[in-house]
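Enquirer: Sequence and computational prediction follow.
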Amino acid sequence: MLYREAGDFKTSYRDDSQTFPLKLDRWGYYAALAVAFLVIPFVITDYWANSVLVPFLIYAIAALGLNILTGYAGQVSLGSGGFMAVGAYASYKLATAFPEISILIHVLLAGGITAVVGVLFGLPSLRIKGFYLAVATLAAQFFLVWLFNKVPWFYNYSASGQITVPERSFLGWIITGPQTSASAKYLVCLGFAVLLAWVARNLTRGTVGRTWMAIRDMDIAAEIIGVNPLTAKMTAFAVSSFFIGVAGALLFSVYLGAAEASETFGINKSFLVLFMVIIGGLGSIFGSFAGAAFLVLLPVFLKNVLVGSLGWPTDLAAHLELMIVGALIVFFLIVEPHGLAQLWRVTKEKLRLWPFPH
């Protein structure tokens with residue numbers, strides 16, 4: 001009986017179109033932000049940072065980027081891993097070439113470089129779509145990984161072929177390198193995740209987002225009513241690649257500390273981000289976070305239960321994880337194509353009517 005609209009009056013168009021129309025939703029959002037910024041940094045441990053929270057926030061940013069392109073603009077992409085590699089290698093080159101500039105600026109600049117690369121590989125979307133566009137972006141994935149492996153300039157002629165992040169600090173806090181604390185890693189990734197989620201929400205609710213959705217629903221009809229397909233598709237690729245590039249830069253700089261293109265940013269990374277979007281829900285900001293949380297927590301849960309508690313072999317738990325993820329993708333595609341976001345939406349609608357059936 002608490003989740004109600006009664007007494008929550010709207011007196012302006014701005015109030016009527018806000019992201020959280022119910023007061024309880026707004027309180028829950030502010031409480032979640034307060035806990036995330038003011039409580040968790042003081043109690044977080046290395047295990048929770050490295051196994052759960054930091055990878056969840058980084059993959060949520062990547063899923064946001066792919067959701068903008070696939071969920072909102074309707075352009076299929078299988079090149080997320082390659083674009084994450086662009087962000088990682090761009091941040092590495094910038095950090096080593098300009099050590100006096102903050103690494104946080106380098107992360108944003110790496111996202112901008114990835115946006116340019118994404119637009120170049122998004123040009124085929126003007127002539128092809130669907131399966132053919134997926135193959136074109138898959139080619140971008142293989143080409144970018146090959147490029148970073150075969151051109152020594154990208155990894156500064158290192159004998160190992162790896163890139164290693166230099167130690168950098170921000171306001172006196174070490175945020176990259178082996179000496180980085182768990183709270184510093186978490187706060188950096190949380191700040192980027194909240195900022196980019198806010199940007200994505202405002203973009204998808206505005207004119208740009210409406211042009212993306214018009215192209216997604218029917219590109220010919222959108223062009224007839226005045227939507228420019230070139231502008232809409234290229235902005236979708238640019239914004240999506242920017243988000244994914246920032247995620248790749250954070251994955252390398254803050255989380256891993258060292259990376260090698262084919263191992264860290266292979267085709268499996270592209271499919272992982274795509275599965276997050278499918279399970280979380282296409283065309284949903286919340287779905288990007290839900291899908292990332294699910295696919296980050298699932299391996300940890302299975303390892304703790306099957307390996308830690310039941311004593312099963314580690315390889316059996318890993319195979320079981322793949323089977324569960326595959327079954328869930330088939331389930332959501334058949335039963336609920338909009339994923340966890342739609343389930344959460346339906347649950348809230350039922351709560352608003354409870355205990356009445358209609």
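Expert: Right, received. Where do you want to start?

Enquirer: Dihedrals phi and psi, the nearest residue to residue 339 once chain neighbours are set aside?
Expert: Leaving aside its sequence neighbours, residue 339 sits nearest to residue 281 (CB to CB, 6 or more residues apart in numbering; 3.2 Å). C-beta: built from backbone N, CA, C; applies to glycine. Phi and psi for residue 281, reported as degrees, to the nearest 10, are phi 130, psi 120.

Enquirer: Mind pulling the model confidence for residue 281?
Expert: Reported pLDDT at residue 281 in the predicted model: 90.

Enquirer: Enumerate every residue touching it.
Expert: 71, 287, 290-291, 338-342 (CB atoms under 8 Å, 6 or more residues apart in numbering).

Enquirer: quick check, nearest of these to residue 241?
Expert: Nearest to residue 241 among the contacts of residue 281: residue 71, at 15.2 Å, using CB to CB.

Enquirer: check contacts around the closest one.
Expert: Contact analysis of residue 71 by CB under 8 Å, 6+ apart lists 277, 281-284, 287.

Enquirer: could the residues you listed go into JSON lines alongside secondary structure and distance to residue 104?
Expert: Below are those laid out as JSON lines (DSSP: H, G, I helix; E, B strand; the rest coil; distance: CB to CB, whole Å):
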{"residue": "277", "secondary structure": "helix", "distance to residue 104": "26"}
{"residue": "281", "secondary structure": "coil", "distance to residue 104": "30"}
{"residue": "282", "secondary structure": "coil", "distance to residue 104": "31"}
{"residue": "283", "secondary structure": "coil", "distance to residue 104": "30"}
{"residue": "284", "secondary structure": "coil", "distance to residue 104": "28"}
{"residue": "287", "secondary structure": "helix", "distance to residue 104": "27"}
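
Enquirer: from these, which single one is nearest residue 148?
Expert: For the contacts of residue 71, the nearest to residue 148 is residue 277 (24.3 Å; CB to CB).

Enquirer: now the chain, which segments are flagged as low pLDDT?
Expert: For the chain, applying pLDDT under 70 flags the ranges 1-3, 5-6, 357-358.

Enquirer: How about residues contacting the lengthiest helix in it?
Expert: Ranked by number of residues, the top helix in the chain under DSSP state H is helix 182-205. Defining contact as CB under 8 Å, 6+ apart, one finds that helix 182-205 is touched by 17, 19, 33, 36-37, 40-42, 44-46, 48-50, 53-54, 57-58, 60-61, 64, 68, 72, 104, 107, 170, 173-175, 209, 212, 239, 243, 246, 250, 254-255, 285, 289.
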